[in-house]
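Got a sequence here, can you model it:
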Amino acid sequence: MAAHPQSQRQEVADQPYAALDLGSNSFHLIVAHDHDGRLQVVDRHKEMVRIAEGLTEANELSATVAARSLACLKRFGQRIRHLPRHHVRIVGTNALRQARNSRDFIDAAEDVLGHRVEIISGREEARLIYLGVSHSLEDQFDSRLVVDVGGGSTELILGRQFQPRLMESLYMGCVSMSARHFANDAIDATRFARAETAARQELEVIEEIYRARGWDTAIGSSGTLIAIHDAIVELTGVHGITSDGLAALKDRLLAAGRTDGLDLLAVDEERAPVFPGGVAIVAATFESLGIREMTVSDGALREGLLHDLLGRVHAQDIRDATVADLIERYHIDEPHGRRVASTAARILEQGGWQLTGFGARRLLRWAAMLHEIGMDIAHSQYHKHGGYLLDNMDLPGFSRSEQHHLSIIVRGHRRKFPIEEFRHAPQMVALCVLLRLATVLHRARSDQVLPRFSVTAKDGLAPGGEVRLAFPRKWLAEHPLTKLDLEQEADYLSAIPLKLKVSVR
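Have a look, this model is predicted:
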């Protein structure tokens with residue numbers, strides 16, 4: 001007997017949510033249930049794969065480290081493969097941002113995990129870290145400095161409650177710093193001084209800004225900060241990270257002389273090779289920013305991912321807020337954007353476009369709302385200005401791929417079709433065509449409601465495909481400019497190649 005539709009919906013609602021952080025040092029998986037908007041963690045998995053260790057001088061991920069990382073993801077895949085797509089979020093951070101051949105690894109990772117992998121920017125990583133930390137703390141009104149030392153980058157965030165105010169991601173992490181300054185596991189005063197100086201150099205660009213803003217409490221996030229805290233407690237018996245505690249820890253490292261000679265229960269064999277680099281970064285951060293004391297939090301990127309995912313499920317998507325902010329900041333004609341978005345959705349609903357699996361409707365709506373963002377720079381070539389802005393700005397909530405897709409849809413929504421831009425994102429061609437048709441139909445910027453018209457797309461816009469538009473005979477005769485615009489659009493789309501045919505009924 002088939003399951004009742006209500007029971008099927010209940011089964012989906014009872015499915016857990018999962019977040020997987022593909023960090024430069026460790027991969028972290030967290031699984032939780034949603035209880036009225038509150039997360040109850042039911043499972044955690046962590047493996048230290050040190051993917052950043054596999055980056056060559058040419059910034060390519062070595063085959064050995066890629067294989068080690070994929071073996072880990074295959075194990076994680078057993079836990080999350082069966083979950084619904086919208087219940088899982090997987091992100092890659094600094095090492096995968098840098099790797100020139102990351103696409104090959106991501107394709108293989110998606111195959112073993114059964115879910116999409118997103119690469120996020122450093123500032124988006126910082127935002128999610130802050131969100132994870134804030135949800136792990138009591139809801140205070142104090143201003144916070146959150147520091148997260150990862151394998152390949154360090155994030156520093158100033159904020160209050162759940163709202164980050166200032167975010168930075170610096171190109172230094174415990175894996176990269178240890179590899180550069182503590183080669184062959186050796187530790188001495190000269191190496192340590194060089195590592196701290198290198199970290200201070202990275203911090204120099206933000207030092208004055210952060211000191212001027214100030215904060216009430218400093219909070220450390222990530223395995224590196226937790227290990228440093230626990231090592232200081234082990235050495236001194238004092239809870240919290242302080243300058244004195246860091247000095248005691250540094251003395252122990254120098255006395256050990258080698259990472260494999262470090263006799264601390266808080267630093268296991270896996271963490272030991274990258275521990276000195278992490279300590280050097282934290283010591284430099286304390287000195288640069290004048291931090292007196294720092295507590296640590298269990299909340300981090302993966303918890304932030306889960307809360308962000310839950311926000312999307314409960315219609316509190318930060319990406320909608322980002323789009324609304326851009327509309328205000330760049331003086332976009334919002335009523336016109338809504339008209340275009342509504343017509344684009346209307347065309348999409350008529351079928352035949354073969355758009356599934358990557359949030360096509362939302363991406364199309366956002367592109368329609370933002371398609372005139374470039375006008376705030378100049379009307380001439382505004383679609384190119386808009387594409388550049390959307391590809392290069394920090395857009396909270398958007399992954400790098402989402403941001404790039406949004407960019408090329410806006411870039412290609414008018415004039416000559418930029419075929420090269422879509423070479424690595426062919427699935428975006430249909431969305432771009434949808435936006436182009438909607439903007440042509442609203443070129444007059446009139447409030448008048450469009451007539452009922454039909455759209456059929458043949459072959460899902462594969463090269464050589466066909467799109468047919470049929471309008472009421474009287475309406476098309478009364479709108480000769482629209483007819484002319486559609487004829488011109490047919491010439492533009494022939495470059496895909498795509499046939500656009502307009503008829504009357």
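
mind checking how far Glu125 is from Ala300?
10 Å (CB to CB, to the nearest Å). In short, each C-beta sits where N, CA and C put it, glycine included.

from the chain's centre, how far out does stretch 404-422 sit?
Distance of stretch 404-422 from its chain centroid, counting by CA atoms, centre = their mean, to the nearest Å, is 21 Å.

Over to the closest residue to Ile106 other than its chain neighbours: give its phi and psi.
Once flanking residues are discounted, Ile106 sits nearest to Val117: 4.9 Å by CB to CB, 6 or more residues apart in numbering. Main-chain dihedrals, Val117, degrees, to the nearest 10: phi -110, psi 130.

separation between Val117 and Leu128?
Taking CB to CB as the measure, Val117 falls 15 Å from Leu128.

again with Arg338
29 Å.

For the two, indicate the residue with more neighbours.
Neighbour count, other CB atoms under 10 Å: between Arg338 and Leu128, Leu128 has more, with 32 against 13.

Assign that one to helix, strand or coil.
helix (DSSP: H, G, I helix; E, B strand; the rest coil).

shouldn't it be in contact with Gly304?
Yes: here Leu128 lies in contact with Gly304, judged by CB atoms under 8 Å, at a distance of 3.6 Å.

Determine how far the helix ranked longest in the chain lies from the middle of the whole chain.
Criterion DSSP state H: the longest helix present in the chain is helix 189-213. Relative to its chain's centre, helix 189-213 lies at 27 Å (CA atoms, centre = their mean).

contacting residues for the nearest residue to Gly214 once chain neighbours are set aside?
Closest residue to Gly214 apart from its sequence neighbours, by CB to CB, 6+ apart: Ser143 at 7.1 Å. Shown in contact with Ser143 (CB atoms under 8 Å, 6 or more residues apart in numbering): Leu158, Gly159, Arg160, Gly214, Trp215, Asp216, Thr217.

The residues you listed, buried ones only, as a PyMOL selection?
Buried residues within those, by 16 or more other CB atoms under 10 Å, are selected in PyMOL with:
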select buried, resi 158+159+215
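
From the contacts of Ser143, pick the one nearest Pro16.
Closest approach to Pro16 among those (CB to CB): Gly159, at 28.3 Å.

Remind me what whichever strand or helix holds that closest one packs against, helices and strands.
Using DSSP states H and E, Gly159 sits in strand 154-160. If you count contacts as 3 or more CB pairs under 8 Å, 6 or more residues apart in numbering; DSSP states H and E, strand 154-160 packs onto helix 122-135, strand 143-149, strand 163-170, helix 189-213, helix 275-289.

and the angle from the last one to helix 189-213?
Meaning helix 275-289. Interaxial angle, helix 275-289 versus helix 189-213 (axes from the mean of the first three to the mean of the last three CA atoms, to 10 degrees): 40 degrees.

hey, C-alpha coordinates of helix 275-289 in CSV?
Below are the C-alpha coordinates for helix 275-289, written out as CSV (Å, rounded to 0.1, in the frame of the first residue of the first chain):
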residue,chain,number,x,y,z
PHE,A,275,50.6,23.1,16.1
PRO,A,276,53.6,25.5,16.1
GLY,A,277,52.2,27.5,13.2
GLY,A,278,48.9,27.8,15.0
VAL,A,279,50.6,29.0,18.2
ALA,A,280,52.6,31.6,16.2
ILE,A,281,49.5,33.0,14.5
VAL,A,282,47.6,33.3,17.8
ALA,A,283,50.6,34.9,19.6
ALA,A,284,51.0,37.4,16.8
THR,A,285,47.2,38.2,16.8
PHE,A,286,47.3,38.8,20.6
GLU,A,287,50.3,41.2,20.2
SER,A,288,48.9,42.9,17.0
LEU,A,289,45.4,43.6,18.3
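
Could you pull out the buried residues of stretch 128-146?
128-137, 144-146.

Export these as CSV, with columns for distance to Arg400 and pLDDT.
Below are the buried residues of stretch 128-146 laid out as CSV (distance: CB to CB, whole Å; pLDDT from 0 to 100):
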residue, distance to Arg400, pLDDT
Leu128, 13, 95
Ile129, 17, 96
Tyr130, 19, 95
Leu131, 18, 93
Gly132, 20, 93
Val133, 23, 94
Ser134, 24, 90
His135, 24, 87
Ser136, 26, 85
Leu137, 29, 82
Arg144, 27, 95
Leu145, 26, 97
Val146, 22, 97
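
Need those residues in a markdown table (columns: distance to Ile419).
Formatted as a markdown table, those follow (distance: CB to CB, whole Å):
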| residue | distance to Ile419 |
| --- | --- |
| Leu128 | 35 |
| Ile129 | 39 |
| Tyr130 | 40 |
| Leu131 | 39 |
| Gly132 | 41 |
| Val133 | 44 |
| Ser134 | 44 |
| His135 | 44 |
| Ser136 | 47 |
| Leu137 | 50 |
| Arg144 | 47 |
| Leu145 | 47 |
| Val146 | 44 |
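
where in the stretch 351-500 of the chain is pLDDT low?
Confidence mapping of the stretch 351-500 of the chain against pLDDT under 70 gives the ranges 351, 356-358, 459-463.

quick one: contacts of the longest helix of the chain?
Applying CB under 8 Å, 6+ apart, the contact partners of helix 189-213 are 145, 154, 156, 158, 165-166, 168, 170-172, 177, 180-182, 250, 253-254, 276-277, 280-281, 283-285, 287-290.

How about stretch 96-114?
Contacts of stretch 96-114 (CB under 8 Å, 6+ apart): 20, 22, 51, 55, 58-61, 66, 69-70, 73-74, 76-77, 80-82, 90, 92, 116-117, 119, 121-122, 152, 400.

quick one: Ala108 from Ala71, how far?
Remark: distance between Ala108 and Ala71 (CB to CB) = 11 Å.

quick revisit: show the buried residues in the contacts of helix 189-213.
The buried subset of the contacts of helix 189-213 (16+ other CB under 10 Å) comprises 145, 154, 156, 158, 168, 170, 172, 177, 181-182, 250, 253, 276-277, 280-281, 283-285, 287-289.

For the nearest residue to His82 once chain neighbours are set aside, the count of nearby residues, please.
Residue nearest to His82 in three dimensions, not counting chain neighbours: Gly114, with 7.9 Å by CB to CB, 6+ apart. Here the count is done by other CB under 10 Å, and Gly114 has 14 residues near it.

quick revisit: more neighbours: Ala108 and Ala71, which one.
Neighbour count, other CB under 10 Å: between Ala108 and Ala71, Ala108 has more, with 17 against 12.

Look up phi and psi at that one.
Per degrees, to the nearest 10, the backbone of Ala108 is at phi -70, psi -40.

Next one: it from Arg68, what distance?
Taken as CB to CB, the span from Ala108 to Arg68 is 12 Å.

picking up where we left off before, out of the contacts of stretch 96-114, which sit inside helices?
Ala66, Ser69, Leu70, Leu73, Lys74, Phe76, Gly77, Ile80, Gly122, Arg400.

Generate a PyMOL selection restricted to the buried entries among those residues.
Buried subset of the ones in helices among the contacts of stretch 96-114, written as a PyMOL selection, criterion 16+ other CB under 10 Å:
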select buried, resi 66+69+70+73+76+77+80+122+400
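
following the longest helix of the chain, which helix or strand shows up next?
By DSSP H and E, the next helix or strand past helix 189-213 is strand 217-221.

Which strands or helices does that next one pack on?
If you count contacts as 3+ CB pairs under 8 Å, 6+ apart, strand 217-221 packs onto helix 122-135, strand 143-149, helix 223-236, strand 293-296.

Of the ones you listed, which is nearest His404?
Ranking the helices and strands packed on strand 217-221 by proximity to His404 (CB to CB) places helix 122-135 first, at 13.2 Å.
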